[in-house]
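Asks: Predicted coordinates and the sequence they were generated for:
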Amino acid sequence: MSLKVFVRKLLGRKLTFKLRNFVSEVAFRLNVIPPATSISRENGISAMVCTMNEEDWIEPSMLSIKDFVDEYVVIDSSSDRTPGIIRKIAEEHELNLKMKRIPPGDLAKTRNLALKLSNYKWILIWDADSIAKENMSKYLKKLIDKLDPNRYYLIYWPQICLDGDLFHQNPKMKLHVEHWLFTYSPKLKYQKVRHYEILSAPLTYYKTIYIKKPLSFHLRTVRSPVRLLYKYLWYRMGKEKLDGKMTLDEYVNMKIKELYGTSDINEAANIYFNEYIKTLHRYDKTVFGDYPRILKEYVKRKYNIKL
């Protein structure tokens, strides 16, 4: 565990934010860091999207932010129809798209590549299964307009997480809070810590802003049973430190026999999904609100599901 991650875990989110804001305020007032205006970037927003076999949700995900971002920087490692869908969406809706295809690998390196290829002052981390609520664009643009252009910011808000299917949530993690939007700096770098990629942002540079209300949905584990099982076993493979020692398919074939007593991937996936869904709670619209309109229209058209 890195020192930064240890300190953050030790202090908790609120104290970490207070410490960062105090240090960055002192550094800004003493002029010990270059102002954000010194970076030769146009004032706009780059959506940083890393994709690998995301054909299920990439369409509503991209279109939900088309009135918010100025460009999409997509780093794709897919073996399915995802890149073709992305190009079609960009062409039909005249989106400013920059896409690079790379082999699957370290997500921290992938995000660093996306940062390098981005052009605008603001960076939006946008997973291919994230869907913006209708008010997100207007709310964030109004906020950005009020901020000091000389400062660097990490803007946090909760994403509403859906798991298993569109009607359930993991009771232990109904919301996922991260810095989804931040000011670009050459000092930024993603690092791999255990099984995750962590954004390293200089303490002296960045002020944090925490928005309490959810502005988006994250279809975190809303996948077909087979894809969901693969994702679970990919995570488990990493925890067992078997990356590089065997392929994911080899690990999956080994584990489904051990865990589910079958060599049939569909049978194993259905067993896993039925067990998984029992651990979840129904999504309650009265708590976090209705689904985004673009998601409701998409699943009605594609899957004949009414949300």
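Replies: Yep, it's here.
Asks: Okay, and residue 253 sits in which element?
Replies: Assigned by DSSP states H and E, residue 253 belongs to helix 248-260.
Asks: next one: residue 116
Replies: helix 107-117.
Asks: so how far is that helix from its chain's centroid?
Replies: 13 Å (Cα atoms, centre = their mean, to the nearest Å).
Asks: who does the next helix-or-strand element following that helix pair up with?
Replies: Next along the chain after helix 107-117, taking DSSP H and E as the criterion, comes strand 120-125. Sheet pairing of strand 120-125 (DSSP bridges) gives strand 42-51 (parallel), strand 175-183 (antiparallel).
Asks: Run the angle between strand 120-125 and helix 107-117 for me.
Replies: Relative orientation of strand 120-125 versus helix 107-117 (axes from the mean of the first three to the mean of the last three Cα atoms, to 10 degrees): 160 degrees.
Asks: ok, residues contacting the very next helix or strand once past strand 120-125?
Replies: Counting by DSSP H and E, the element after strand 120-125 in chain order, helix or strand, is strand 130-132. For strand 130-132, contacts defined as Cβ atoms under 8 Å, 6 or more residues apart in numbering pick out 57, 60-61, 64-65, 68, 159, 215-219, 292, 294-295. C-beta: built from backbone N, CA, C; applies to glycine.
Asks: Would you reformat the strands paired with strand 120-125 as CSV and include mean neighbour count and distance to residue 254?
Replies: Listed next are the strands paired with strand 120-125 as CSV, based on neighbours: other Cβ atoms under 10 Å; distance: least, Cβ to Cβ, whole Å:
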stretch, mean neighbour count, distance to residue 254
strand 42-51, 20, 27
strand 175-183, 19, 31
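Asks: how about those in a markdown table, adding mean pLDDT and distance to residue 232?
Replies: Below are those laid out as a markdown table (pLDDT from 0 to 100; distance: least, Cβ to Cβ, whole Å):
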| stretch | mean pLDDT | distance to residue 232 |
| --- | --- | --- |
| strand 42-51 | 96 | 19 |
| strand 175-183 | 97 | 17 |
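Asks: any chance of the ones you listed in JSON lines, with distance to residue 239 too?
Replies: Formatted as JSON lines, these follow (distance: least, Cβ to Cβ, whole Å):
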{"stretch": "strand 42-51", "distance to residue 239": "21"}
{"stretch": "strand 175-183", "distance to residue 239": "20"}
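Asks: looking at these, which is closest to residue 208?
Replies: strand 175-183 (7.4 Å; Cβ to Cβ).
Asks: Low-confidence ranges, this protein, go.
Replies: For the chain, the stretches flagged by pLDDT under 70 are 1-11, 195.
Asks: So which residue is dead centre in it?
Replies: residue 127 (3.7 Å; Cα atoms, centre = their mean).
Asks: beta partners of the closest residue to that one other than its chain neighbours?
Replies: Spatial nearest neighbour of residue 127, excluding adjacent residues (Cβ to Cβ, 6 or more residues apart in numbering): residue 218 at 6.7 Å. Bridge pairing for residue 218 (DSSP bridges) gives the partners residue 130, residue 161.
Asks: got a list of what residue 218 touches?
Replies: 127, 129-131, 159-162, 176.
Asks: okay, those residues in JSON lines with distance to residue 274 next?
Replies: Formatted as JSON lines, those follow (distance: Cβ to Cβ, whole Å):
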{"residue": "127", "distance to residue 274": "26"}
{"residue": "129", "distance to residue 274": "22"}
{"residue": "130", "distance to residue 274": "27"}
{"residue": "131", "distance to residue 274": "26"}
{"residue": "159", "distance to residue 274": "26"}
{"residue": "160", "distance to residue 274": "24"}
{"residue": "161", "distance to residue 274": "20"}
{"residue": "162", "distance to residue 274": "18"}
{"residue": "176", "distance to residue 274": "25"}
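Asks: from these, which is closest to residue 85?
Replies: The closest of the contacts of residue 218, once distances to residue 85 are taken by Cβ to Cβ, is residue 129, at 13.6 Å.
Asks: Verify the contact between that closest one and residue 220 for me.
Replies: Yes. Under the criterion of Cβ atoms under 8 Å, residue 129 makes contact with residue 220 at 7.0 Å.
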